[in-house]
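A.B. asks: this is the structure alone, sequence omitted:
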């Protein structure tokens, strides 16, 4: 497969091209506008998209409203209400989005990627905020936690869906009941783990029938959760999920003894009332022990991905093993081991893919989680993903839905301008082979996927009409 560049050069557009971008945004918005019940909602949805795509340094509601409409307090308040309490539903919009993703990027062998992203917050008033591990800061801090779903094919990648993680005390503790009501958390909402939220999103996309895919990828937070893996397997998708070194597997299927107590006489111990391993059967081994037992000839040097600096390679080994389910043998799965050729760092993955799937395919998939990380970087650095200042349950999800649509607009434009000819844009290349965002240092700026300049001299450009907006 061909190598690709790490970054996309800036677009150099003339005034006609700039007007074309504004027209394109108008057409893009028209795809979703029928899903907003009221004319005012359609107006504010387009305005919010324009704000997220603008070059404002901070894209919270007030700066966007002041920049795009003018200094009127009523406009700021109305836009705030549209996002925080607006009576429009995210689900129909996202489902239409999935259809658009399929038409532009869809492939049968594409992957869904689940991952979390956190948002540092001050105070205690925002929904779900708590002192917990914050991935963005790399430490425990006051933050909100989200779970996201992305899509990746050889044509490109984008975000699909989002869920706000509600910490257990937020969901169950009576002391938080007042906060839940104030933030508009649905009364029926119960505590769900991050893997449960991830599985819900995968199931929703699959059940919609709108988006072709084959794989589900996730880190060890999802791979360690066997219920998550079972839910993915039950809907017929293949997962390749990282697991912890302490997770266990059997190299050979052990014998299991059925319960031998019929409910009469003195009740025996747990082993006699449920299936258990037959006497003398070996215990499951940790991933680390399995890796240490492999001979040198069982490792292969394979390419994970291609990049501008050449192919990224690692040593791989794959074995058919028996997964552990509730201390008993579960399904036959792949155990994929990946070892860094320089540091010796070991990563391990499990997959329910068919026994005939080649190791080369699994090796490349092990390096495919970077697109969702890049989506997070694009979203936070370019599209105001973390700039929201709404506190409600509905507001958080409304904001993330609009960010997802804004990201997809950039993907559409990059592909459209790439195909049009006459514009200075490099091929974005195969995302399965690009050098990933995970190789960048924490906090390092990434290049904008679409940055616009006039052809003659630099000037500020908005994808918005220049005349002031008025409320319809």
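C.D. replies: Yep, it's here. None of the values given here were measured: they were computed from a predicted structure. Numbering: from 1, shown residues only.
A.B. asks: strands of the stretch 301-450 of the chain, start to end?
C.D. replies: Under the criterion DSSP state E, counting those that start in this stretch, strands of the stretch 301-450 of the chain are mapped to 312-325, 328-339, 346-351.
A.B. asks: and the longest one, what does it pack onto?
C.D. replies: To tie it back to what came earlier, the one meant is strand 312-325. Judged by 3 or more Cβ pairs under 8 Å, 6 or more residues apart in numbering; DSSP states H and E, strand 312-325 is in contact with helix 226-234, strand 248-250, helix 287-293, strand 300-305, strand 328-339, helix 359-365. All C-beta atoms are positioned from the backbone trio N, CA, C, and that covers glycine.
A.B. asks: buried set for that strand?
C.D. replies: Of all the residues in strand 312-325, those buried under the rule 16 or more other Cβ atoms under 10 Å are 312, 314, 315, 316, 317, 318, 321, 322, 323, 324.
A.B. asks: can you give me the strands for the stretch 1-150 of the chain?
C.D. replies: According to DSSP E, counting those that start in this stretch, the strands that the stretch 1-150 of the chain contains are 11-13, 111-120, 130-134, 139-153.
A.B. asks: so which of these is nearest residue 34?
C.D. replies: Evaluated over the strands of the stretch 1-150 of the chain, closeness to residue 34 peaks at strand 139-153, with 23.2 Å, by Cβ to Cβ.
A.B. asks: any buried residues in that closest one, and which?
C.D. replies: Across strand 139-153, burial judged by 16+ other Cβ under 10 Å covers 142, 143, 144, 145, 146, 147, 148, 149, 150, 151, 152, 153.
A.B. asks: show me what contacts the residue lying closest to residue 89 once chain neighbours are set aside?
C.D. replies: Spatial nearest neighbour of residue 89, excluding adjacent residues (Cβ to Cβ, 6 or more residues apart in numbering): residue 35 at 8.0 Å. Contacts for residue 35 (Cβ atoms under 8 Å, 6 or more residues apart in numbering) come out as 88, 89, 92, 93, 96.
A.B. asks: can you pull the pLDDT of the closest residue to residue 58 other than its chain neighbours?
C.D. replies: Spatial nearest neighbour of residue 58, excluding adjacent residues (Cβ to Cβ, 6+ apart): residue 387 at 5.4 Å. pLDDT recorded at residue 387 is 95.
A.B. asks: got the contact list for residue 387?
C.D. replies: Applying Cβ under 8 Å, 6+ apart, we find residue 387 in contact with 58, 59, 60.
A.B. asks: burial of the second one, as a residue count?
C.D. replies: Spelled out, that is residue 59. 24 (other Cβ atoms under 10 Å).
A.B. asks: for the spatially closest residue to it that is not a sequence neighbour, list the residues it contacts.
C.D. replies: In space, and not counting its chain neighbours, residue 59 is closest to residue 384: 2.7 Å by Cβ to Cβ, 6+ apart. Applying Cβ under 8 Å, 6+ apart, we find residue 384 in contact with 51, 52, 56, 58, 59, 60, 64, 403.
A.B. asks: please tell me how far residue 384 sits from residue 119.
C.D. replies: 12 Å (Cβ to Cβ, to the nearest Å).
A.B. asks: before we move on, the earlier item: narrow the contacts of residue 387 to those in helices?
C.D. replies: In helices, defined here by DSSP state H, there are no members of the contacts of residue 387.
A.B. asks: got those as JSON lines, with distance to residue 255 columns?
C.D. replies: Shown next, in JSON lines, are the contacts of residue 387 (distance: Cβ to Cβ, whole Å):
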{"residue": "58", "distance to residue 255": "63"}
{"residue": "59", "distance to residue 255": "60"}
{"residue": "60", "distance to residue 255": "62"}
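A.B. asks: does residue 155 really touch residue 102, like I thought?
C.D. replies: No. Checked against Cβ atoms under 8 Å, the pair residue 155 and residue 102 is beyond contact range at 10.6 Å.
A.B. asks: returning to that earlier point: now tabulate the helices and strands packed on strand 312-325 in TSV and tack on mean neighbour count, mean pLDDT and distance to residue 175.
C.D. replies: Compiled in TSV, these are given as follows (neighbours: other Cβ atoms under 10 Å; pLDDT from 0 to 100; distance: least, Cβ to Cβ, whole Å):
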stretch	mean neighbour count	mean pLDDT	distance to residue 175
helix 226-234	19	98	29
strand 248-250	20	97	39
helix 287-293	16	97	40
strand 300-305	17	94	48
strand 328-339	19	97	39
helix 359-365	18	96	44
